[in-house]
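J.: sequence unknown, structure follows:
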């Protein structure tokens, strides 16, 4: 029997949430597709019509979270008047808010994704395409408003920003400060630094170097949160003085 598109989407979300609940309680290895199917009240074989493996289920969670976060921010009153920094901050906040209720699962899933280096370096990183498109649109809007200097590398920069969201998530997962204050500060400083750089036009010369550093060094810097915050503060202060 055929089921409607809305029922298919409902079942897909149910399977994802059921997997989140079971894996949080039992771990990734301790949870089977059969257990997920039965907890979701689906047939043992039916679940494979939605997801071919547990790994795909985990990746689908991040894809769904990114799509839901983008849908959430689209409903924000006065969104068109937001600055580039405010809009990017809103996107990141919306995504972390989605992750918050499932933080234990996100930590478990992050370890799984981090164990696949080829995935991390490719476009198949869950949600990356959606996030890259969103950042590319924000950059184009900011450029058209004269908020940033003309940038010939918007697609590449948007992809780097999407990668950066996962680095921020990794930082957030290790943040034990009250109400994740260190993450809030790190995001604010990072975005402020980025906007200052884009406004100055330096990004056109530094993007290639910045991309290399982001991919190869950011995870190392994130291990020392306080050191990263100090670095961001110094860089932002330096750029803030440009043009004065």
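T.: Nice, I can see it. The shown structure was predicted, so the numbers you read here are calculated from the model rather than taken from an experiment.
J.: From here on, just use CA atoms for contacts and neighbour counts.
T.: Noted.
J.: Apart from its chain neighbours, what residue comes closest to the residue nearest the centre of the chain?
T.: Among the residues of the chain, residue 165 comes closest to the average C-alpha position under Cα atoms, centre = their mean, at 3.7 Å. Nearest residue to residue 165, sequence neighbours excluded (Cα to Cα, 6 or more residues apart in numbering): residue 92, at 7.1 Å.
J.: Which positions within the strand or helix carrying the one you found qualify as buried?
T.: For residue 92, the enclosing helix or strand under DSSP states H and E is helix 84-100. Going by neighbour count (16 or more other Cα atoms under 10 Å), the buried part of helix 84-100 is 84-85, 87-96, 98-99.
J.: Spatially, which two of those residues are the most separated?
T.: Among the buried residues of helix 84-100, the pair separated by the greatest distance (Cα to Cα) is 84 and 99, at 22.9 Å.
J.: which phi and psi does the residue nearest to residue 182 when sequence neighbours are not counted have?
T.: Residue nearest to residue 182 in three dimensions, not counting chain neighbours: residue 175, with 6.8 Å by Cα to Cα, 6+ apart. Per-residue torsions, residue 175: phi -80, psi 120 (degrees, to the nearest 10).
J.: so residue 175 touches residue 183, yeah?
T.: Yes. If you go by Cα atoms under 8 Å, residue 175 and residue 183 touch, sitting 6.7 Å apart.
J.: who's more crowded, the two?
T.: Per other Cα atoms under 10 Å, whichever of residue 175 and residue 183 has more neighbours is residue 183, with 21 against 15.
J.: So for the strand or helix carrying that one, mean pLDDT?
T.: Using DSSP H and E, residue 183 sits within helix 181-200. What helix 181-200 shows for mean pLDDT is 91.
J.: now that helix against helix 84-100, angle please.
T.: Comparing the axes of helix 181-200 and helix 84-100 via axes from the mean of the first three to the mean of the last three Cα atoms, to 10 degrees yields an angle of 150 degrees.
J.: So for helix 181-200, what gets flagged as buried?
T.: Judged by neighbour count (16+ other Cα under 10 Å), helix 181-200 contains these buried residues: 182-184, 186-200.
J.: ditto for stretch 139-153
T.: 139, 140, 141, 142, 143, 147, 148, 149, 150, 151.
J.: Perfect, that will be all.
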